[in-house]
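*Asks:* Just a sequence and a predicted model for now, questions to come.
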Amino acid sequence: MTPAANRYDAIIIGGGHNGLVCAAYLGSAGQRVLVLEAAAAPGGAAANVEFSPGFTVSGCAHILNMLDPKVSRDLNLASHGLKLSLPNLKTIALAEDGRHITFDGALATNDSLQVYSKTDKANLADLRRLLLRIGKLLKDFYGTVPPRLGTESWSDRIALAKLGWAIRRLGRNDMREMLRIAGCNIADVLNDELESDLLKGAIGFDAVLGTELGPRSPNSVFSLLHRLTGEANGIPGALALPEGGMGAVTRAMAAAAEAAGADIRTGSPVARILVENDRAMGVALETGEVIHADIVVSNADPKTTYLKLLGPQYLDTGFVRRVKNIRTRGTAAKLHLALDGLPEFTGLDAKELGQRLLIAPSLDYVERAFNHCKYGEYSTAPAIEMIIPTVNDAALAPQGKHILSAVVQYAPYELKGGWENARDEFIDTAIKTISAYAPGLEGRIIARELLTPRDIEEKYRMPGGHWHHGELALDQLYMMRPVPGAAQYAAPLPGLYTCGAGGHPGGGVMGIAGKNAADRILKDGKSR
Amino acid sequence: MTPEPYEAQLLETPFHARTSSLCSTRQWGNWSGFASVNAYTSVDMEYFAARSTAALFDISPMTKYAITGSDAASYLNRLLTRNMEKVKPGRVVYAVWCNDAGMVIDDGTVFCLGENDYRLCSQERHLPWLLDSAIGYNVEIKDITSGIAALAVQGPTSSAVLKAMGLVGIENLKPYSLTEFDLDGHSLMVSRTGFTGDLGYELWIDPGAAELLWDRLMEVGSLYGLRPMGSEALEMTRIEAGFIQAGVEFFPGDLPTRPDRLRSPFELGMGWLVDFDKGHFIGRRALLQEKKTGSRYALVGLDIEGNKPALHSFVYQGKDTEVGIVASAMWSPTCKRNIAIASLKTPYHKDNHGLWVDVYVYRELKWERIHASCKVVDKQFFNPPRRWATPAGDR
Ligand SMILES: Cc1cc2nc3c(=O)[nH]c(=O)nc-3n(C[C@H](O)[C@H](O)[C@H](O)COP(=O)(O)OP(=O)(O)OC[C@H]3O[C@@H](n4cnc5c(N)ncnc54)[C@H](O)[C@@H]3O)c2cc1C
């Protein structure tokens, strides 16, 4: 690159999916954008990895259920190669005896429930109608820049008033129900409405996936609602598998960003954000190279951005305190198994193996799994979400071979005694747990890999290895996300912005944080 | 029955054996968790000792932090609003520090004992804030409040008292400077600082030598009119000096119940302590904003008609426009004026016409309401040349 080219309107630190989306929007608006990604390839926690020769798997995120349709359209991801291999994935809640329950992403179920309960099907339909309605309301607020609190600005007041009005418009009954359950725990809500332990366990697990919560923890209803704001192929709540793994999604995003004129440099970890006259004015790479820009946008999480890359000396103590206190203890481990053939699961046919399989037989099971985590131990009977992506997408593994990709909970970030000696035990525990539903699995394993939250932290530069870059809880949401004083994607330091999952509306492969940040940046640019 | 140590309501300072035997009024107050004498014999006598001879005040309860480490100077520069790079070893400075919103958390004095070796003294305790402000800095911050015994010797004869005690050359110590002496093998630090607005010193020593120091001072001091003073007399002297007091002129702390009641340095007349050119410090962005949009309040001195202290009175302008509140007020025996320190809404502090206070006086089952006109004046009501003279005079 020539020195003259070494000048950008915006530098984006991190080429995770949100950084790429932000780059695409800024690029389309005519800005000269440089994305600096530390890893060898873009995508962040939504990239592919070859974990064993010939076996490619989605490194962290493996199910596409949150991608914003507007982002997808605006970036024209389809033309950049995004395709779904399975557009409306079913979830199968596994029972050891093979009497499984099947439901879809939006919690619609079939007669598989009848063996457990005569009333659950109808009651679940009522519950899902309410949850989807509230989810829709949240969704409307996800696409917008949240207001600041305590300002005199009319746009902030209007944004707050809109929130109040939208809640009011749910009507008396739904509004009351929303206010009743929003801060509740999912176990109470499910126990009020349903009978079947297996069904409740599965939905309860969905509510705590990727969080440091058990089904009896407050906030667990909210995190389920967050999931239900998602959609796939236009179906609210639906889950999908992208063809080519999650890495294909971020590859399409990178292509869209490049088509919009953005430069993407990989293998370029940023060491510091440079400040002059109380304004961000560029970055220094770990190699010492300095690159200038009018603004700096960070796709890294808030703790890394503010405490490491910028540094407390440019911030105020109250703000530093809030950032330091963001809860980022990850609990989800990622398990990858390379298999020499398709495993057999009790009561499932080969086609059903391509769906999403859950091991969460009851609320108590999940809560007990969580208990360990509270005390710095891993679950001896973990709750597990798995897919075998190769059933629908054979190209990911060598001919006739398969991959099992699983999220295993709970694996505490801080394990008593450390993970180094415990990782293998935990893999064995996870495999043993799955084998109870898939006898003979062990014999098929050619290679195995498990990333604990510590490994995820190191590999993906996410503190605590946290799914959302920071717990998704009522006190860390919307205008309080990541912390009050930075909720509009703008840092207290002029010229610095954040665009990652640590901001509103949180984690999952959505692209909304990246889009909202670009909106904010472009708006500021106009008024500058 | 003597209480167990954990049952004691208040801690004792290293001078307690001496102060308690002299406190004939039995009037004690709570100063940061320590028992502190309000008045030994008579407030007036103690006040006049401070103004005409010398007074001895136990300042051991003052919160003291040792701040050391290779980043100590840059740390203080981030914490405090003033520029600490300019402060050399052997000097003491007055400073304030703010929260994110640019509102004052507390004021205090910083002693520069050596390179990257400081002592911060304040009324309130602030360890959590100080520690959280140190994230990313190589500093060690220790609460050393109980590890140091301290006395203030204040008043026109204070230099003479210390000279008589054998502190050779003490008269050459400049205001806001510090030096070390030997007292029977104990290291005694002396700074020319204080809270009375007069010539005066503060003495710092290991608690084991506290009684030795007290006895020596009282022994030589009798010839110079030295007498122990309680906090009530001190309060009179600090109002005359125009110093602000935490909990009176401003409410300290980073977690107020009502955030709108806090004051910025500008609103306390401390704008001279704010250095925008030194780089970032806590509250800088908010204070720059305040510079642009203007401050809400101004802290002023008031000269009030009559002789009835206008404590906590409303200040009005014209017929009945409420423009502020009196924070401290007294009849000043030395200045012979009815003085007050008041927080006025801006811009009323600028227009010096038609201001008045409503003073309520309760006398023998009757309230009397006095409509007293007043004027905004310099709040340094008392500031004698001897306070600043080096070498210091003997009386
Ligand atoms: C185990 C696990 C399973 C998950 N499963 C799912 C799922 O099935 N479905 C789903 O939707 N979501 C899932 N998630 C959540 C999802 O992966 C994340 O929320 C999402 O990928 C975050 O995207 P992002 O762009 O905001 O941040 P990231 O993907 O974390 O991107 C940040 C990027 O910044 C880079 N970076 C950081 N610091 C620097 C630096 N100093 N210099 C240069 N670059 C830097 C990083 O390398 C990274 O590429 C899962 C998460 C985990 C941990």
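*Replies:* In hand now; what should we look at? Numbers count the residues shown, from 1 in each chain, chains lettered A, B, ... in the order given.

*Asks:* Could you list the domains of chain B?
*Replies:* Split into domains by automatic domain parsing, chain B comes to B:11-60+B:148-229, B:296-385.

*Asks:* will you turn these into CSV that also has mean neighbour count?
*Replies:* C-beta coordinates here come from the backbone N, C-alpha and C atoms, glycine included. Converted to CSV, the domains of chain B look like this (neighbours: other CB atoms under 10 Å in any protein chain shown):
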stretch, mean neighbour count
domain B:11-60+B:148-229, 20
domain B:296-385, 17
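
*Asks:* Tabulate these in CSV, adding columns for distance to the ligand and mean pLDDT.
*Replies:* Listed next are these as CSV, based on distance: least, CB to the nearest ligand atom, whole Å; pLDDT from 0 to 100:
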stretch, distance to the ligand, mean pLDDT
domain B:11-60+B:148-229, 44, 97
domain B:296-385, 40, 96
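
*Asks:* mind checking which of those is nearest A:L86?
*Replies:* domain B:296-385 (61.2 Å; CB to CB).

*Asks:* where do the helices sit along the stretch 301-450 of chain A?
*Replies:* A:302, A:317-324, A:363-374, A:423-435 (DSSP state H, counting those that start in this stretch).

*Asks:* could you dump those to a markdown table with mean neighbour count and mean pLDDT?
*Replies:* Output for the helices of the stretch 301-450 of chain A, formatted as a markdown table (neighbours: other CB atoms under 10 Å in any protein chain shown; pLDDT from 0 to 100):
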| stretch | mean neighbour count | mean pLDDT |
| --- | --- | --- |
| helix A:302 | 26 | 97 |
| helix A:317-324 | 21 | 96 |
| helix A:363-374 | 20 | 98 |
| helix A:423-435 | 18 | 98 |
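
*Asks:* Of all those helices, which one is nearest chain B?
*Replies:* Among these, helix A:317-324 comes nearest to chain B, with 4.0 Å by CB to the nearest CB.

*Asks:* buried ones in stretch A:262-272?
*Replies:* Residues A:A262, A:D263, A:I264, A:S268, A:V270 are the ones in stretch A:262-272 that count as buried (16 or more other CB atoms under 10 Å in any protein chain shown).

*Asks:* how about the residue in the stretch 251-395 of chain B that chain A sits nearest to, what does it touch?
*Replies:* Closest approach between the stretch 251-395 of chain B and chain A, counting by CB to the nearest CB: B:I282, at 4.7 Å. With contact set as CB atoms under 8 Å, 6 or more residues apart in numbering or on different chains, B:I282 has these partners: A:D316, A:T317, B:R78, B:L79, B:W97, B:C98, B:N99, B:D100, B:S133.

*Asks:* Now go through those and say which are in strands.
*Replies:* B:W97, B:C98 (DSSP state E).

*Asks:* Can you get me a residue count around the one residue in the stretch 151-300 of chain A that gets nearest to chain B?
*Replies:* Closest residue of the stretch 151-300 of chain A to chain B, CB to the nearest CB: A:D278 (6.5 Å). Look at A:D278: counted by other CB atoms under 10 Å in any protein chain shown, it has 16 neighbours.

*Asks:* Check what pLDDT B:M84 gets.
*Replies:* Here, the pLDDT recorded for B:M84 equals 95.

*Asks:* so how far is the ligand from it?
*Replies:* The gap separating B:M84 from the ligand is 32 Å, by CB to the nearest ligand atom, to the nearest Å.

*Asks:* number of nearby residues for that residue?
*Replies:* 22.

*Asks:* Can you verify my assumption that it contacts B:A72?
*Replies:* No - assessed by CB atoms under 8 Å, B:M84 is found out of contact with B:A72, at 9.1 Å.

*Asks:* Look at stretch A:113-120 and report the distance between its end residues.
*Replies:* In stretch A:113-120, first residue to last residue: 7 Å (CA to CA, to the nearest Å).

*Asks:* Other residues contacting that stretch?
*Replies:* A:R99, A:I101, A:T109, A:K121, A:L124, A:L194, A:E195, A:S196, A:D197, A:L198, A:L199.

*Asks:* how much does the one helix or strand the last one maps to deviate in direction from helix A:363-374?
*Replies:* Spelled out, that is A:L199. For A:L199, the host element (DSSP states H and E) is helix A:197-208. Angle of helix A:197-208 versus helix A:363-374, following axes from the mean of the first three to the mean of the last three CA atoms, to 10 degrees, is 40 degrees.

*Asks:* elements contacting helix A:197-208?
*Replies:* strand A:90-93, strand A:101-104, helix A:186-193, helix A:220-228, strand A:356-359, helix A:363-374, strand A:383-387 (3 or more CB pairs under 8 Å, 6 or more residues apart in numbering or on different chains; DSSP states H and E).

*Asks:* how about the third one: buried residues?
*Replies:* This means helix A:186-193. Under the neighbour-count criterion of 16+ other CB under 10 Å, helix A:186-193 has A:I186, A:A187, A:D188, A:V189, A:L190 buried.

*Asks:* And the average pLDDT for that helix is what?
*Replies:* 96.

*Asks:* Check which helices and strands that helix sits against.
*Replies:* When contacts are defined as 3+ CB pairs under 8 Å, 6+ apart, helix A:186-193 sits against helix A:120-142, helix A:197-208, helix A:220-228, helix A:363-374.

*Asks:* which element follows the third one toward the C-terminus?
*Replies:* Meaning helix A:220-228. Past helix A:220-228, further along toward the C-terminus, the next helix or strand under DSSP H and E is strand A:231-232.

*Asks:* Now do that following strand: which elements does it pack against?
*Replies:* Strand A:231-232 packs on no helix or strand, going by 3+ CB pairs under 8 Å, 6+ apart.

*Asks:* How far does it sit from its chain's centre?
*Replies:* Its chain's C-alpha centre and that of strand A:231-232 lie 14 Å apart, by CA atoms, centre = their mean, to the nearest Å.

*Asks:* now do stretch B:373-384
*Replies:* Put simply, stretch B:373-384 sits 18 Å off its chain's centre (CA atoms, centre = their mean).

*Asks:* could I get it in CSV with only the CA atoms?
*Replies:* Provided in CSV are the C-alpha atoms of stretch B:373-384 (Å, rounded to 0.1, in the frame of the first residue of the first chain):
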residue,chain,number,x,y,z
SER,B,373,-29.8,43.5,52.8
CYS,B,374,-26.5,42.1,51.7
LYS,B,375,-23.7,42.5,49.2
VAL,B,376,-21.6,40.0,47.3
VAL,B,377,-18.0,40.4,48.5
ASP,B,378,-14.7,38.5,48.3
LYS,B,379,-15.2,35.4,50.5
GLN,B,380,-11.7,35.6,51.8
PHE,B,381,-12.9,37.7,54.7
PHE,B,382,-9.7,37.2,56.7
ASN,B,383,-6.3,37.1,55.0
PRO,B,384,-3.6,38.8,57.0
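
*Asks:* burial count for the residue of the stretch 101-250 of chain A found nearest chain B?
*Replies:* Chain B sits closest to A:G150 of the stretch 101-250 of chain A, with a gap of 8.9 Å, by CB to the nearest CB. For A:G150, the tally of surrounding residues (other CB under 10 Å) stands at 9.
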